[in-house]
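*Asks:* just coords:
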């Protein structure tokens with residue numbers, strides 16, 4: 001019975017230790033902020049006592065100068081050398097008193113800075129670990145896609161990756177004489193609601209990572225306007241990539257009125273002027289536009305109420321740099 005209780009106690013202690021370790025950066029930042037506030041308070045309080053110390057020092061300096069001028073002191077003869085020595089002692093004692101007065105503030109301030117720097121160091125290590133983990137997963141995924149392409153071809157890879165299938169639909173079009181006729185059109189329609197980990201829907205509403213629906217301020221009921229807007233944003237982002245050299249996926253999401261994601265603040269594009277055609281990675285930003293699963297939801301025909309975009313993200317920006 002005692003062993004079981006001890007085991008439970010150890011498990012609880014380990015859980016508490018892990019939770020404390022998980023939240024230690026936040027705890028250190030809070031400690032640093034509290035310490036900074038306490039530093040200010042103690043420094044202000046110490047400053048109220050500073051005048052008494054400086055006034056005492058001034059009185060001692062005046063007495064020393066008077067003794068040097070008269071050449072005498074209560075203890076007898078007083079020389080210039082005695083005055084210099086007493087001046088040094090007075091300044092030293094005053095400095096020590098001031099240091100003692102502000103020592104609590106200096107200590108609190110130092111500990112606050114140490115706490116904030118320690119928190120930054122922890123977060124930096126975690127970001128490095130997250131970046132390394134993402135790189136490993138991204139590399140494994142790219143290797144897997146490469147094997148699929150080598151064995152089954154690029155078309156199968158796209159169908160599996162974006163969960164699409166080719167579907168024929170009938171449309172009505174006019175010939176050169178203005179006569180209407182039926183024709184067939186092949187669409188790459190999406191099966192389900194997800195394309196890839198970076199895909200997003202440009203529609204009236206978007207759903208963020210918390211499942212909250214957010215209205216898109218850039219959506220318009222006119223499909224031609226939406227398509228024009230998408231192409232304008234794509235051109236703008238490519239210009240930004242060439243000028244700035246770096247574009248994060250969240251910057252693209254924000255320009256399109258879409259919710260930002262955790263992955264979006266890490267992945268994106270890095271422009272490399274030395275990259276040649278055929279090299280690994282592309283030197284441009286591309287919005288891949290796909291239709292929904294309904295056969296007639298083709299945005300080119302004006303029936304679609306949302307555009308599925310999938311971006312040719314290069315990978316982890318920090319590693320690519």
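*Replies:* Perfect, I can see it now. Everything numeric in this text was worked out from a predicted model, so none of it was measured.
*Asks:* What's the local residue count around residue 12?
*Replies:* 10 (other CB atoms under 10 Å). C-betas here are computed from N, CA, C, even on glycine.
*Asks:* One more: residue 33?
*Replies:* Residues lying near residue 33 (other CB under 10 Å) number 13.
*Asks:* same thing with the one 3 residues further on?
*Replies:* Close neighbours of residue 36, defined as other CB under 10 Å, add up to 17.
*Asks:* same question for the host helix or strand of residue 98, mean pLDDT?
*Replies:* Secondary structure from DSSP states H and E places residue 98 in helix 80-152. Average pLDDT, helix 80-152: 86.
*Asks:* just stretch 46-66 next, same as before
*Replies:* Computed over stretch 46-66, the mean pLDDT rounds to 88.
*Asks:* again, but for stretch 257-272
*Replies:* Stretch 257-272 comes out at a mean pLDDT of 87.
*Asks:* and the gap between residue 108 and residue 114?
*Replies:* 11 Å (CB to CB, to the nearest Å).
*Asks:* between those two, who's got more neighbours?
*Replies:* It is residue 108, of residue 108 and residue 114, that has more neighbours when counted by other CB under 10 Å, with 20 against 14.
*Asks:* neighbours around the closest residue to the more buried one other than its chain neighbours, how many?
*Replies:* With CB to CB, 6 or more residues apart in numbering as the criterion, residue 108 has its nearest non-adjacent residue at 4.3 Å, and that residue is residue 39. For residue 39, the neighbour count with other CB under 10 Å is 21.
*Asks:* One more: the one 3 residues further on?
*Replies:* Each residue near residue 42 was counted by other CB under 10 Å, and the total is 19.
*Asks:* Same check on residue 21?
*Replies:* For residue 21, using other CB under 10 Å, the count is 11.
*Asks:* Please, which helix or strand holds it?
*Replies:* Here residue 21 is assigned to helix 2-22, by DSSP H and E.
*Asks:* which stretch of helix or strand covers the closest residue to residue 112 other than its chain neighbours?
*Replies:* Once flanking residues are discounted, residue 112 sits nearest to residue 35: 3.2 Å by CB to CB, 6+ apart. Assigned by DSSP H and E, residue 35 falls within helix 24-70.
*Asks:* Which elements pack onto that helix?
*Replies:* If you count contacts as 3 or more CB pairs under 8 Å, 6 or more residues apart in numbering; DSSP states H and E, helix 24-70 packs onto helix 80-152.
*Asks:* Which stretches in the stretch 151-300 of the chain count as helices?
*Replies:* Using DSSP state H, counting those that start in this stretch, the helices of the stretch 151-300 of the chain run over 154-162, 223-244, 249-255.
*Asks:* Run through who's touching the shortest one.
*Replies:* Read it as helix 249-255. For helix 249-255, the external contacting residues (CB atoms under 8 Å, 6 or more residues apart in numbering) are 198, 200, 233, 236-237, 240, 259-261, 263-265, 267-268, 285, 311, 313.
*Asks:* now that helix, how far from the centre of its chain.
*Replies:* Centre-to-centre, helix 249-255 and its host chain are 13 Å apart (CA atoms, centre = their mean, to the nearest Å).
*Asks:* List the buried residues of that helix.
*Replies:* 249, 250, 251, 252, 253, 255 (16 or more other CB atoms under 10 Å).
*Asks:* Residue 152: which of those is nearest?
*Replies:* residue 249 (28.0 Å; CB to CB).
*Asks:* what's the spacing between that closest one and residue 255?
*Replies:* Applying CB to CB to residue 249 and residue 255 gives a distance of 11 Å.
*Asks:* ditto for residue 50
*Replies:* For residue 50 relative to residue 255 (CB to CB), the value is 55 Å.
*Asks:* cool, and residue 32?
*Replies:* According to CB to CB, residue 32 stands 36 Å off from residue 255.
*Asks:* and if you look at residue 148?
*Replies:* The gap separating residue 148 from residue 255 is 32 Å, by CB to CB.
*Asks:* what's near enough to touch the nearest residue to residue 113 once chain neighbours are set aside?
*Replies:* Sequence neighbours aside, residue 32 is the residue nearest to residue 113 in space, at 7.2 Å (criterion: CB to CB, 6+ apart). Residues near residue 32 by CB under 8 Å, 6+ apart: 112, 113, 115, 116, 119.
*Asks:* Can you give me the buried ones in stretch 107-124?
*Replies:* Result for stretch 107-124 [16+ other CB under 10 Å]: buried residues 108, 109, 111, 112, 115, 116, 118, 119.
*Asks:* Please name the nearest non-neighbouring residue to the third one.
*Replies:* Same thing as residue 111. Once flanking residues are discounted, residue 111 sits nearest to residue 35: 5.5 Å by CB to CB, 6+ apart.
*Asks:* State the number of residues packed around that neighbour.
*Replies:* Residue 35 sits with 20 neighbouring residues when counted by other CB under 10 Å.
*Asks:* Of the buried residues of stretch 107-124, just say which sits nearest to residue 54.
*Replies:* residue 109 (21.9 Å).
*Asks:* Cool, thanks, signing off.
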